[in-house]
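**Q** 3D model of this:
(chains A and B)
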2 protein chains.
Amino acid sequence: MNQLSGQHLINGQWTGEPEAGFSSFDPERNEPLPWQFCEANTEQLEAAVGAAESAFLAYRLWPAERRAELLDAMADAIDALGETLTHVATQETALPEARLNGERGRTCGQLRLFAQLLREPRQPAIIDLAQPDRQPLPKPDIRLDQLPLGPVAVFGASNFPLAFSAVGGDTASALAAGCPVVVKGHPAHPATTELVARAMLSAIEKVGAPKGVFNLLQGRSPQLSQELVRAPEIQAVGFTGSFKVGQLLSRIAANRPQPIPFFGELGSINPQLLLPQKLAESAEALAEQQHGSMMMGQGQFCTSPGLVMMLRGEGSDRYLSRLTSLIEQQAPGTMLTPGIANAYREAAHKLVSSDGVHLAAQGLPCTHANQSQALIASCSGDTLLANPELLEEVFGPCTLVVTFDHARQLLEAIRTLPGQLTGSVHGTEQEMCNERTLMVELAYRVGRLIANQMPTGVEVCHAMQHGGPWPAATHSQSTSVGAEAIKRFTRPMAWQNLPQSLLPQHLCDQSTTPQLRY
Amino acid sequence: MNQLSGQHLINGQWTGEPEAGFSSFDPERNEPLPWQFCEANTEQLEAAVGAAESAFLAYRLWPAERRAELLDAMADAIDALGETLTHVATQETALPEARLNGERGRTCGQLRLFAQLLREPRQPAIIDLAQPDRQPLPKPDIRLDQLPLGPVAVFGASNFPLAFSAVGGDTASALAAGCPVVVKGHPAHPATTELVARAMLSAIEKVGAPKGVFNLLQGRSPQLSQELVRAPEIQAVGFTGSFKVGQLLSRIAANRPQPIPFFGELGSINPQLLLPQKLAESAEALAEQQHGSMMMGQGQFCTSPGLVMMLRGEGSDRYLSRLTSLIEQQAPGTMLTPGIANAYREAAHKLVSSDGVHLAAQGLPCTHANQSQALIASCSGDTLLANPELLEEVFGPCTLVVTFDHARQLLEAIRTLPGQLTGSVHGTEQEMCNERTLMVELAYRVGRLIANQMPTGVEVCHAMQHGGPWPAATHSQSTSVGAEAIKRFTRPMAWQNLPQSLLPQHLCDQSTTPQLRY
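**A** Numbering: from 1, shown residues only, chains lettered A, B, ... in the order given. Predicted coordinates:
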């Protein structure tokens, strides 16, 4: 891996002294990897945000077609990293190669989706035509545009080294919107991050984009993250991570002299609601789906289903029996970092030590460092209602199964749920219609309501909403995945009474962009 | 005016003891009006937000057609207040009747625009159709919905007693979105507010809407405002007012345990950029337009043009000469409140006392209490660049005219502008094309860029953007006027894999709503 420098990427230049920094780490072997990385200092941070601001002045003028060319070139360059990328990422994260290849496909798909939309917008522009003869006052010509906000800070996420890290949903949507990016790489996979950044730079050079449209700072210190959010040049933040860190940085963004939007996706327990008839018909299949979904990425998905809610009955016994038998045979798996492995053990221990909570099943014991043992806890609806702290996320392969005695209790429990990224209802069409109140209550607590499917696997598409009411996200009115994510990084601006020669092409009378005209 | 109770409207009931509260005030006669109003206490605040939350559970299920019916009924009821409303409002605000009738027309227009859009949506819904055979994984059916956020707090604005007060842009868009409202009435026009609230209640009763969809709290204490923003039931805030109060309340909203969006429109100096050729051709006409616009509502418009920027030349002399002669004949006018009149005098005095700033013209002297004297200050481009505090808003009939010696200075000045609601460029088509850099720089600092028109008069239409980069607004990504304002109070939610019978009508396959399908 002699192509790794361990440096930051600032305005197209690799800079910094890796000797003074930190090592990459292999959680599976529980030992450092042979790569050293820089810890960014204030001067480097200022250089990076300054480069992004300078690049903004040029990049904001780029027509959609050129931005699309850049995004496509980036996707091609990331694809061209080939097996090297997967090989490095699997060492740093202990995630399997198939999963990593899937993530890379998502990110390249997101880049290409935005490129396609920039070339052929599908959502119409909004135009009010002038009515010079209107009484009592003439109506002016007004055309609504979307302008990029400016430099965006993106925080790499430990659990999505390729889909939400140096280049993922946030970086893709910021660049598509016309905003340069300063990435704070996640210290759990700095080599992966550097490889991706090298691909980004090659795409930037190929297309002739301003060098500062993509900058990378490596580092581990919380001060670096906070300074980046405080930097006056930064105009918005994209973040995927823990509630604790997300809430902290979000408050910093809100309390700057100039507050800026902070788009944080903070996690979720993704409740699974099993309705009785469906449960009676398919208890075993539902348990198998739950097992498959909760074990994806060793439970380290923001959409991991950590809570199952059902009514007591013959189906509920069969479900729990099948789920526990699957978990009891479940091999342990390595977590992303030693810190995450420790936090999982503590949170799981706390959960099963809670009054009224039972350890229903454990996976096979851990044999190596940094592993986690899968776990099913169970409790009654009464216990859950009396102990809302049981709804806190346990990040890892753990599910709390709650059995309710009465439908009324179940409804009450749904009403106490904090905001969630997703919620699933498993039921026959008839019983979902009968339980419409449950469906509505759940819909108002989630960003995505799913019928008869598991929440893991977030489709990159036009109608996707990945986010949700607080505390699942800091900003419930936006998504971090899908075509709508571009709206995070633009703001509306109206052109009034401009001659055609001065309007942006997509708002002109002869535009090929779809337009709503009034 | 025996129909005025002076009470709060909580869940359809008039409650409170006005004796312990405050009086309405006539700024023109400088004496109290014979109406007493309640000061809301914590218990009443809790009752109001509780009523809004209860109403939300029912109102969020109302189909678009019924919401439209409610909005239309509200507009009709406000219209039906007839001259009584204008008569009361003019006593409380000293605004002329024609202006107040215009404001009422705006608000009723906004209510009816949303009613029309609810009945016949023009913007397409976004739908990803399932692809069950897609490899390697099937694609699920995903349909993007918009859900109302919940109860919204709306703060009445002193300067728009009918267009941005108890019922104006914020209340109309919240109700259209499906959100009940708790209004904190502005203490400068409580009788006007009560009359409008009475109309709202009659519409609610006529249509059979939940009583708590519209609640009114009267009061003067800053604590009441802060408590309202802190109330856990409140899920978003609409505010129009001063930077100081808006920034304070915005930070409270951001620092709640659950942060909520705060949509504040905080004011602006609305720069007017006069390009040389246009100025040479039309100096006198431009000065007359400036005079008319800056005197609208005695300068108490958020879009009042408080800054003129031009290059020194023959046109600039003629412009200043015509503008000063108009101002010197300008009669004084009564301000909205004694406090606003005092603040204007102080701010205007501070401006003309600044080093390098000259008093170019004053209007006729004040003859009564609470009046303001119109004022033109002038300075050089050098002075402006050296003293950025000259860009602070002077709320009232005051304009600073800045003459630049070089185009380079002018560009530099535009780059130092804080965020603005609007900016106008007055130029020939040819010179605007030549000065495209100036246009772009200005566009990135405003919510609405206007060619050859004055900024006062905000059209209620589809493409309107009324807002702008901070500090013009706390939330640059939304508008407080026009059809897009409904988006402030909704959040996206994706339905995945739902049978047709369970989808909302507007997302069904046979929907009559325009849909983008992928």
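**Q** so A:Arg198 sits against A:Gln3, correct?
**A** Yes. When contacts are counted by CB atoms under 8 Å, A:Arg198 is listed as touching A:Gln3 (7.0 Å). All C-beta spots, glycine's among them, are computed from the backbone N, C-alpha and C.
**Q** tell me the residue of chain A that sits nearest chain B?
**A** Residue of chain A nearest chain B, by CB to the nearest CB: A:Ala254 (3.5 Å).
**Q** what does the stretch 201-350 of chain A have sitting close to chain B?
**A** With the criterion set to CB under 8 Å from any CB of the partner chain, the stretch 201-350 of chain A comes near chain B through A:Ser250, A:Arg251, A:Ala254, A:Asn255, A:Gln258, A:Pro259, A:Pro261.
**Q** just give the closest residue to the fifth one, not the sequence neighbours.
**A** Distance criterion CB to CB, 6 or more residues apart in numbering or on different chains; nearest residue to A:Gln258, sequence neighbours excluded, is B:Trp470 at 5.0 Å.
**Q** next: the last one.
**A** Distance criterion CB to CB, 6+ apart; nearest residue to A:Pro261, sequence neighbours excluded, is A:Ala236 at 5.0 Å.
**Q** just to revisit the earlier point, and what about the residue of chain A closest to chain B, helix, strand or coil?
**A** Secondary structure assignment for A:Ala254 (DSSP: H, G, I helix; E, B strand; the rest coil): helix.
**Q** which ones are touching it?
**A** A:Phe262, B:Arg251, B:Ala254, B:Asn255, B:Pro259 (CB atoms under 8 Å, 6 or more residues apart in numbering or on different chains).
**Q** ok, the last one touching A:Trp470?
**A** Okay, so that is B:Pro259. Yes. With contact defined as CB under 8 Å, B:Pro259 reaches A:Trp470; the gap is 6.6 Å.
**Q** just the strands in the stretch 101-250 of chain A please.
**A** A:125-128, A:142-148, A:152-155, A:181-184, A:214-217, A:236-240 (DSSP state E, counting those that start in this stretch).
**Q** mind putting the ones you listed in TSV, mean neighbour count, mean pLDDT and distance to A:Asn387 included?
**A** Listed next are the strands of the stretch 101-250 of chain A as TSV, based on neighbours: other CB atoms under 10 Å in any protein chain shown; pLDDT from 0 to 100; distance: least, CB to CB, whole Å:
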stretch	mean neighbour count	mean pLDDT	distance to A:Asn387
strand A:125-128	23	96	49
strand A:142-148	23	98	46
strand A:152-155	28	98	32
strand A:181-184	28	98	36
strand A:214-217	29	98	41
strand A:236-240	28	97	28
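**Q** count of residues packed around the residue nearest to A:Gln258?
**A** Residues near B:Trp470, counting by other CB atoms under 10 Å in any protein chain shown, number 21.
**Q** contacts for the strand or helix carrying A:Asp72 next, please.
**A** Assessed by DSSP states H and E, A:Asp72 sits inside helix A:64-80. For helix A:64-80, contacts defined as CB under 8 Å, 6+ apart pick out A:59, A:62, A:85, A:104, A:107-108, A:111-112, A:114-116, A:118-119, A:121, A:167, A:172, A:175-176, A:178, A:196, A:199-200, A:202-204, A:206-207, A:209, A:213, A:506.
**Q** so where is chain A shaky, pLDDT-wise?
**A** A:1-2 (pLDDT under 70).
**Q** rerun that using 90 as the cut-off
**A** A:1-3, A:17-20, A:122, A:136, A:164-165, A:267, A:457, A:512 (pLDDT under 90).
**Q** if I pick the spatially closest residue to A:Ser173 that is not a sequence neighbour, what's in contact with it?
**A** Of all residues not flanking A:Ser173 in the chain, A:Ala485 sits nearest, at 3.9 Å (CB to CB, 6+ apart). By CB under 8 Å, 6+ apart, A:Ala485 lies in contact with A:Gln110, A:Gly169, A:Asp170, A:Ala172, A:Ser173, A:Ser478, A:Thr479.
**Q** and the residues you listed, which is closest to A:Ser316?
**A** A:Thr479 (34.1 Å; CB to CB).
**Q** show residues contacting stretch A:127-143.
**A** A:125-126, A:144, A:494-498, A:503, A:507, A:515-518, B:448, B:450, B:453, B:457, B:459, B:461-464.
**Q** which parts of it are buried?
**A** Using 16 or more other CB atoms under 10 Å in any protein chain shown as the test for burial, stretch A:127-143 gives A:Ile127, A:Asp128, A:Pro140, A:Asp141, A:Ile142, A:Arg143.
**Q** please apply the same query to stretch A:302-315.
**A** Going by 16+ other CB under 10 Å, stretch A:302-315 has these buried residues: A:Cys302, A:Thr303, A:Ser304, A:Pro305, A:Gly306, A:Leu307, A:Val308, A:Met309, A:Met310, A:Leu311, A:Gly315.
**Q** any idea how many residues pack against the nearest residue to A:Glu205 once chain neighbours are set aside?
**A** Among residues not flanking A:Glu205 along the chain, A:Gly12 sits closest, at 7.5 Å (CB to CB, 6+ apart). Per other CB under 10 Å, the neighbour tally for A:Gly12 reads 17.
**Q** ok, A:Gly12 - contacts?
**A** A:Leu201, A:Ile204, A:Glu205, A:Lys211, A:Gly212.
**Q** the first one contacts A:His8, correct?
**A** No. If you go by CB under 8 Å, A:Leu201 and A:His8 don't touch, sitting 11.8 Å apart.
**Q** more neighbours, these two?
**A** More crowded of A:Leu201 and A:His8, by other CB under 10 Å: A:His8, with 30 against 21.
**Q** what's the more buried one in contact with, if anything?
**A** Here A:His8 is in contact with A:Trp14, A:Thr15, A:Gly16, A:Cys38, A:Ala40, A:Gln44, A:Ala48, A:Asn215, A:Leu216, A:Leu217, A:Gln218 (criterion: CB under 8 Å, 6+ apart).
**Q** wait, doesn't A:Ala280 sit right on A:Ser316?
**A** No. Here A:Ala280 does not reach A:Ser316: they are 9.1 Å apart, not a contact under CB under 8 Å.
**Q** so between these two, which is more surrounded?
**A** A:Ser316 (20 against 16).
**Q** ok, and the closest non-adjacent residue to the more buried one?
**A** A:Met310 (4.9 Å).
**Q** in what helix or strand does the one you found lie?
**A** For A:Met310, the host element (DSSP H and E) is strand A:307-311.
**Q** quick one: contacts for A:Ala283?
**A** Contacts here follow CB under 8 Å, 6+ apart; on that basis A:Ala283 touches A:Gly315, A:Ser316, A:Arg318, A:Tyr319, A:Arg322.
**Q** can you check A:Ala451 too?
**A** Per CB under 8 Å, 6+ apart, neighbours of A:Ala451: A:Ser424, A:Val425, A:His426, A:Gly427, A:Met432, B:Trp495, B:Gln496, B:Asn497, B:Leu498, B:Pro499, B:Leu502.
**Q** just the ones in helices from those, please.
**A** A:Met432 (DSSP state H).
**Q** are any of the contacts of A:Ala451 buried, and which?
**A** Buried by 16+ other CB under 10 Å: A:Ser424, A:Val425, A:His426, A:Gly427, A:Met432, B:Trp495, B:Gln496, B:Leu498, B:Leu502, out of the contacts of A:Ala451.
**Q** for A:Val402, see how far away the fifth one is.
**A** Looking back up the chat, that one is A:Met432. Distance from A:Met432 to A:Val402, counting by CB to CB, to the nearest Å: 20 Å.
**Q** cool, and the second one?
**A** From A:Val425 across to A:Val402, the span is 15 Å (CB to CB).
**Q** perfect, I'm done here.
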